[in-house]
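Engineer: this one's structure only:
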DNA sequence: GCGACGCGTAAGTATATCCTTACGCGTCAG
DNA sequence: CTGACGCGTAAGGATATACTTACGCGTCGC
């Protein structure tokens, strides 16, 4: 079942995460990304499509090139989700601390 | 299993993310998790193993049962990584705003 | 116009992933 | 001790994923 990809799925693949980390540093074109990776250029294109579908990157045509950059909105969405995990986990721990003398 | 699993890979699968979200709410046993999911109990065990290898959950034998709970350390590591993405993205944007003129 | 460059997409293939059933080990009730 | 329960793991199969090469389209320099 190939449902809509979420940011988690998009960042799961190591190659895709490497691409994303590079775009976090600065915007980049496809061939520039591919030249720094051990995979072919079309593979990079396919990864960028996944990242774009997940809302994590955006592209801007610039003449012959196409510049990809991180989309802050998608990244913020992931951050929000993770923060909810975090606060809920802390809340559960606070409740659990009532009984054992576990402390950090 | 090509490489060592990271938290991103662990949370990529929808079923696994559902399990994790449930553990975020409160600790749970394997069969309790399985009864609330459309997959078999062994499948849940395998997912929990992945989450455990990624450092996202921890297990505690409790008599006949085995209680799984979220490991705050692993979650914090993911949060840190994501925060770095975020701050770097913001920094890149700040630079782009301050120095908009680009060579052509 | 014409060729080169950059990029996206299609088609095909190898591998990884997720799920299932079957089975073995430890724990608790009787 | 014996049987039932909870769980992990092995083995196998169906699907998804990531990569490759081949090709088509738009843009730029000559």
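Structural biologist: Perfect, I can see it now. Note that the coordinates shown come from a computational prediction; the quantities given were computed from them, not determined experimentally.

Engineer: Let me know the helix or strand that the residue nearest to residue A:39 when sequence neighbours are not counted is in.
Structural biologist: Leaving aside its chain neighbours, residue A:39 sits nearest to residue A:15 (6.1 Å; criterion: C-beta to C-beta, 6 or more residues apart in numbering or on different chains). (Each C-beta comes from the backbone N, C-alpha and C, glycine too.) Under the criterion DSSP states H and E, the helix or strand holding residue A:15 is helix A:14-25.

Engineer: still on that earlier bit, what separates the residue nearest to residue A:39 from residue A:50, distance-wise?
Structural biologist: 10 Å (C-beta to C-beta, to the nearest Å).

Engineer: The residue nearest to residue A:39 and residue A:36 touch, don't they?
Structural biologist: No: the pair residue A:15 / residue A:36 is not scored as a contact, 11.4 Å apart, by C-beta atoms under 8 Å.

Engineer: more crowded one of those two?
Structural biologist: Neighbour totals were compared for residue A:15 and residue A:36, and residue A:15 leads with 14 against 11 (other C-beta atoms under 10 Å in any protein chain shown).

Engineer: can you pull the contacts of that one?
Structural biologist: A:37, A:39, A:43, A:47 (C-beta atoms under 8 Å, 6 or more residues apart in numbering or on different chains).

Engineer: Okay, it and residue A:86: tell me how far apart.
Structural biologist: Distance, residue A:15 to residue A:86, by C-beta to C-beta: 27 Å.

Engineer: ditto for residue A:92
Structural biologist: Note on residue A:92: its distance to residue A:86, by C-beta to C-beta, is 11 Å.

Engineer: Check residue A:58 too.
Structural biologist: Taking C-beta to C-beta as the measure, residue A:58 falls 27 Å from residue A:86.

Engineer: wait, is residue A:73 part of a helix?
Structural biologist: Yes: using DSSP: H, G, I helix; E, B strand; the rest coil, the assignment for residue A:73 is a helix.

Engineer: The residue nearest to it when sequence neighbours are not counted and DNA strand C: what is the separation?
Structural biologist: With C-beta to C-beta, 6+ apart as the criterion, residue A:73 has its nearest non-adjacent residue at 6.4 Å, and that residue is residue A:55. Noted for residue A:55: a distance of 16 Å to DNA strand C, by C-beta to the nearest atom of the strand, to the nearest Å.

Engineer: Is residue A:55 part of a helix or strand, or is it coil?
Structural biologist: coil.

Engineer: check contacts around it.
Structural biologist: Each residue near residue A:55 by C-beta under 8 Å, 6+ apart is listed here: A:7, A:71, A:73-74, A:77.
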